[in-house]
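[1] based on what follows, work out the 3D shape:
(one chain, ligands or ions: 1)
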Amino acid sequence: MQDSISFVPTMGALHAGHLELIRRARELSATVLVSIFVNPLQFESAEDFSKYPSDLAGDTAKALAAGATEIWAPTYDEVYPHQIVKVSAGPLGEIFEGRHRVGHFDGMLTIVSRLFDYVKPNYAIFGEKDFQQLSIIKKWVKENGLAIDIVAVPTVRDSDGLALSSRNIQLTPEGRRSALIISRALHGRSREEMHRILATEPNFEVDYAEIIDEETFELALPETKSPRGIIAGWINGVRLIDNMRMGSDL
Ligand code: AMP
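    Reported below is the predicted structural model:
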């Protein structure tokens, strides 16, 4: 354990979900490196990118208190000194999130692979909150034979069920109340029930709400062993996503 490096990549605006990743990293390694880099390649619109919250001083204090040993907030030129060689997320990058955010997962994987090259971690910690991202990274690491252990941390929620997200601070108090419909719908027992619950909240504009096989991302069948509900949509211009293992009581 003493010599290993655990790596927690983030885009800053740290909340208790990120801090849980850092605590998990600290259980694995004495060296915990947290990166803070808002990656323009994974934003589809310049507006969304410019609206992304940022607080480097606050983030640094929080990360260190949670157990980070090094904070790395590189500039764009440090991360991409030469021409960018894009990494493709493949077919898994084109469905669900990838269909609604075209190019997002290629941009995400491009930066994650750059950061892995620099940091050369033994462990890299990611949240289940971004379940499709986690699956894409796991698959890519395996296919490329990298010696990096991808460690997943369950989604951290507020006591009322809302999944923590850096975007939640962009919600109005009313929008935040409306956002509770997402985790409520994820407790539904079927796709139809999920949609019925979501339809009760006119402020929530659905991108997708499906139940998938969490191993394959195919739509779940009655015999699927590990079904997972996945939901994404908009509340007053703020895009929120969430997911939950079906039949779990999280
Ligand atoms: P981000 O800064 O949003 O790119 O997220 C950085 C890491 O934190 C990713 O691995 C996310 O999946 C993870 N993360 C974000 N929100 C949560 C949460 N509520 N619970 C657990 N992990 C999270």
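[2] in the protein, where is pLDDT below threshold?
    Under the criterion of pLDDT under 70, the regions of the chain flagged as low confidence span 1-2, 248-250.
[3] apply 90 and report the result again.
    Under the criterion of pLDDT under 90, the regions of the chain flagged as low confidence span 1-3, 42, 44-45, 47-48, 51, 53-54, 80-85, 247-250.
[4] next to the ligand, which bits of this protein? Give me the list.
    Taking C-beta under 6 Å from any ligand atom as the measure of proximity, the chain contacts the ligand at 10-11, 17-18, 20-21, 126-127, 129-130, 153, 155-156, 163-166. Glycine gets a C-beta too; all of them are placed from N, C-alpha and C.
[5] now do the buried residues in the helix ranked longest in the chain.
    Ranked by residue count, the top helix of the chain under DSSP state H comes out as helix 104-119. Under the neighbour-count criterion of 16 or more other C-beta atoms under 10 Å, helix 104-119 has 104-116, 119 buried.
[6] before we move on, what about stretch 149-166?
    Here stretch 149-166 shows 150-153, 155-157, 161-166 as buried, counting by 16+ other C-beta under 10 Å.
[7] filter those residues down to the ones in strands?
    Under the assignment DSSP state E, the buried residues of stretch 149-166 contribute Ile150, Val151, Ala152, Val153 to strands.
[8] taking these, tell me the two that lie furthest apart.
    In these, two members sit farther apart than any others by C-beta to C-beta. They are Ile150 and Val153, at 10.9 Å.
[9] list residues touching both of the two?
    Applying C-beta atoms under 8 Å, 6 or more residues apart in numbering, one finds that Ile150 and Val153 are jointly contacted by Phe126.
[10] need the residues that contact the longest helix of the chain.
    By C-beta under 8 Å, 6+ apart, the residues outside helix 104-119 that reach it are 5, 7, 9, 33, 35, 37, 39-44, 72, 79-80, 84-89, 92-94, 97-98, 124, 132-133, 136-137, 140, 146, 148.
[11] likewise for stretch 241-250?
    By C-beta under 8 Å, 6+ apart, the surrounding residues in contact with stretch 241-250 are 97, 128-131, 154-155, 157, 163, 165, 182-183, 186-187, 189, 211, 214, 220, 226-232.
[12] ChimeraX command to pick out the buried ones of the residues you listed?
    Below is the selection syntax for ChimeraX that covers the buried ones among the contacts of stretch 241-250, with 16+ other C-beta under 10 Å defining burial:
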select :97,128,129,130,131,155,157,163,165,182,183,186,187,211,214,220,227,228,229,230,231,232
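[13] among the contacts of stretch 241-250, which are in helices?
    Counted as lying in helices by DSSP H, out of the contacts of stretch 241-250, are Glu97, Phe131, Ile182, Ser183, Leu186.
[14] just put these in a markdown table and tack on distance to Pro173.
    Putting the ones in helices among the contacts of stretch 241-250 into a markdown table (distance: C-beta to C-beta, whole Å) gives the following:
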| residue | distance to Pro173 |
| --- | --- |
| Glu97 | 27 |
| Phe131 | 28 |
| Ile182 | 16 |
| Ser183 | 17 |
| Leu186 | 22 |
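[15] done for today, thanks.
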